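Student: Quick one, fold the following:
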Amino acid sequence: MPAPPAESVSIEGDDMCVSGLLFAPPDARACYVLAHGAGAGMAHPFMQAIAAGLAERGIATLRYQFPYMEAGRKRTDPPAIAHAAVRAAVAEAQRRFPALPLVAGGKSFGGRMTSQAQAALPLPGVLGLVFLGFPLHPAKKPSSERAKHLADVAVPMLFLQGTRDALAELDQLEPVCKALGARATLRLFEHADHSFHVPARTGQDDAAVRAELLDVAAAWITTTCRPAAPRRSRT
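Tutor: Take a look at the predicted model:
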């Protein structure tokens, strides 16, 4: 059954009120609290496609604006404000879907702000983080400094990354994921850049890459949110 149109919601936190978009299929088995990237808000076509595609796969989403985007500013919020917005969105998702397990994360900046918030103080009810292109470093300035906080994240993490991502060169990203051990799952998309765009010369197209990304994300969310089997007592 197709999902209804996205529902506009208000998300209130400490000294802030931002907009959100709730996209929930009737058979949702989990909810992904989905933050936007630095340069485009929650209604960007990529964000819309992710929400719609996950709904088709049984995953609800709550997209939301960071305060700077809500106010029409270009400069991103300081981390403390961004983290507060993440926490407010997670709380709203819990209120809207008290029976659904939650994951959180987002595109680029939004995913990094979510992981920083989780590292500082675990987000209530969040069972895992999904990164749609983790921004490990600025373009042409390879480094793993931005990943240091991930050592303090105790929940599972899914990194969905293009092999041509200029903000996450593989010789930097792969050791980061390896150091995180079983908590990190890295899924690479051949020829895709930070926006998951692939050149036409590769014979691929963006829609096919996005469909694969959605399949991987939905399967990982389902597995991560599945209750652990009870241990059998020894007799």
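
Student: What helix or strand is G110 located in?
Tutor: Using DSSP states H and E, G110 sits in helix 109-120.

Student: do L188 as well
Tutor: strand 184-189.

Student: what packs against the longest helix anywhere in the chain?
Tutor: Longest helix in the chain by number of residues, with DSSP state H as the criterion: helix 206-225. In this structure, helix 206-225 makes packing contacts with strand 30-35, helix 45-56, strand 59-64, strand 102-107, strand 126-132, strand 157-162, strand 184-189, judged by 3 or more Cβ pairs under 8 Å, 6 or more residues apart in numbering; DSSP states H and E. For glycine as for every other residue, the C-beta is placed from the backbone atoms N, C-alpha and C.

Student: thinking again about what came up before, tell me what angle the strand holding L188 forms with helix 206-225.
Tutor: 160 degrees (axes from the mean of the first three to the mean of the last three Cα atoms, to 10 degrees).

Student: Can we start the residue count at 3 from this point?
Tutor: Got it, first residue is 3 now, which makes that one strand 186-191.

Student: could I get strand 186-191 in CSV with only the CA atoms?
Tutor: C-alpha atoms of strand 186-191 as CSV (Å, rounded to 0.1, in the frame of the first residue of the first chain):
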residue,chain,number,x,y,z
ALA,A,186,30.5,0.0,11.7
THR,A,187,29.2,-1.3,8.3
LEU,A,188,30.6,0.3,5.2
ARG,A,189,28.8,0.0,1.9
LEU,A,190,30.4,1.5,-1.1
PHE,A,191,28.7,2.6,-4.3
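
Student: Buried residues in it, which are they?
Tutor: 186-188, 191 (16 or more other Cβ atoms under 10 Å).

Student: residues in contact with it?
Tutor: 152, 158-165, 172, 175-176, 178-180, 198, 200, 211, 214-215, 218, 222 (Cβ atoms under 8 Å, 6 or more residues apart in numbering).

Student: what's near enough to touch A95?
Tutor: 33, 35, 64, 104.

Student: Among the residues you listed, which pair sits farthest apart?
Tutor: L64 and L104 (9.0 Å; Cβ to Cβ).

Student: can you list residues touching both of those two?
Tutor: 33-35, 95.

Student: got a pLDDT number for P229?
Tutor: Here the pLDDT value assigned to P229 is 72.

Student: my guess is it is in a helix, correct?
Tutor: No. Read with DSSP: H, G, I helix; E, B strand; the rest coil, P229 is coil and lies in no helix.

Student: does L23 sit in a helix, a strand or a coil?
Tutor: Applying three-state DSSP: L23 is strand.

Student: what about it, how many residues close to it?
Tutor: Per other Cβ atoms under 10 Å, the neighbour tally for L23 reads 21.

Student: same check, this time on V20
Tutor: 22.

Student: doesn't A86 make contact with it?
Tutor: No. With contacts counted by Cβ atoms under 8 Å, V20 stays clear of A86, the gap being 10.1 Å.

Student: out of the buried residues of strand 186-191, who's nearest G41?
Tutor: Looking across the buried residues of strand 186-191 and measuring by Cβ to Cβ, the closest to G41 is F191, at 20.4 Å.

Student: How about that closest one: which residues does it bridge to?
Tutor: Under DSSP bridges, the beta-bridge partners of F191 are G164.

Student: Could you check how far it is from E214?
Tutor: As judged by Cβ to Cβ, to the nearest Å, F191 and E214 stand 7 Å apart.

Student: State the distance from A86 to V218.
Tutor: 30 Å.
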